[in-house]
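**Q** I need the structure of the sequence given here:
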Amino acid sequence: MFKKSKHGIQIKTIEQVEQMRAAGLVVARTLELLRSSVEPGLTPLDLDAIAEEAIRGEGAIPSFKGYQGFPATICASVNDEVVHGIPTDRRKLREGDIISIDCGAILDGWHGDSAITVPVGEVDPALTELMRVTEEAMWRGISALTVGGHLSDVGFRVERYVRSQGRYGIPAEYGGHGIGTEMHMDPWVANHGRPGRGPRLETGMCFAVEPMVNLGTDRTKVLADDWTVVTLDGKQSAHFEHSVAVTDDGPLVLTALDGGESRLGGPLAEAGENA
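**A** Residues are numbered from 1 along each chain as shown. This is a model prediction of the structure:
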């Protein structure tokens, strides 16, 4: 039995958050390995093999493999693929591509889930900026995960930041989620909306915050494999994600090697409600 809020959100004890942190660190280390492995000539399937070996080597289990029939350890989404790309060896990564890598691991029954977007060699400056905007929007959303706040504050901060940076698309039908003893749990965490709405945030709640931002339209479609989501206009998309615990001391980023201290302890913390 797990304690739940009045909205049905799983509440973790301090000890359970520590267990989730251990799972999150498996994911963090795996993603750092994948980041350093990305290079022209590699295939998404090559990256998938690296990820599975790394996760299992730490005594954990890949969260994605077999999840609702998904066949791989990571989601590998290249260029116009927004999320849920299935790794294959049908094409090699090329200089100028970007690849979003979503990775999850289960350790002792607890889940960690995180995503990064990585340039393949030198990329167009517009893509560098797209990645910067998306990652910064994620951190803005994470900064809203404080005791007493509202869940909708996350999406509000994500959207406000993205809109302030230019004409980008935010796919409204995709977002974050609760996380804990399952990878995807209630509630859904939108990347848009008004502040001050939805459940109040309590210590021990854990969420995955994951903005997806498109270079063009916010409209998407799902390919025939029933997994891969692509932009309707064929322009590139970026995706960043962290699993985060709400604590009395502020957000603890479970899937960041430093717990998020380098980002949340600086300008975002100083900005407060203006973050």
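**Q** May I have the beta-bridge partners of Cys206?
**A** Ala245 (DSSP bridges).
**Q** Contacts only, for it.
**A** The contact partners of Cys206, taken as C-beta atoms under 8 Å, 6 or more residues apart in numbering, are 10, 12, 17, 20, 178-180, 243-246, 254. C-beta coordinates here come from the backbone N, C-alpha and C atoms, glycine included.
**Q** from those residues, which single one is nearest Val154?
**A** Nearest to Val154 among the contacts of Cys206, counting by C-beta to C-beta, is Val244 at 9.3 Å.
**Q** Before we move on, what's the pLDDT of the closest one?
**A** On pLDDT, Val244 comes in at 98.
**Q** The one 5 residues further on too?
**A** What the model reports for Asp249 is a pLDDT of 94.
**Q** what's the neighbour count on it?
**A** Neighbours of Asp249 under the rule other C-beta atoms under 10 Å: 9.
**Q** Would you quantify the distance from it to Glu261?
**A** 11 Å (C-beta to C-beta, to the nearest Å).
**Q** Among the contacts of Cys206, name the ones in helices.
**A** Judged by DSSP state H, the subset of the contacts of Cys206 located in helices is 17, 20.
**Q** Identify, from the contacts of Cys206, the entry nearest to Ile101.
**A** Using C-beta to C-beta, those come closest to Ile101 at Ser243, 15.0 Å.
**Q** The closest one: what's it in contact with?
**A** Contacts of Ser243 (C-beta under 8 Å, 6+ apart): 20, 24, 27, 111-114, 179, 206-208, 253-255.
**Q** redo that, cut-off 7 Å
**A** 24, 112-114, 179, 206, 208, 254-255 (C-beta atoms under 7 Å, 6 or more residues apart in numbering).
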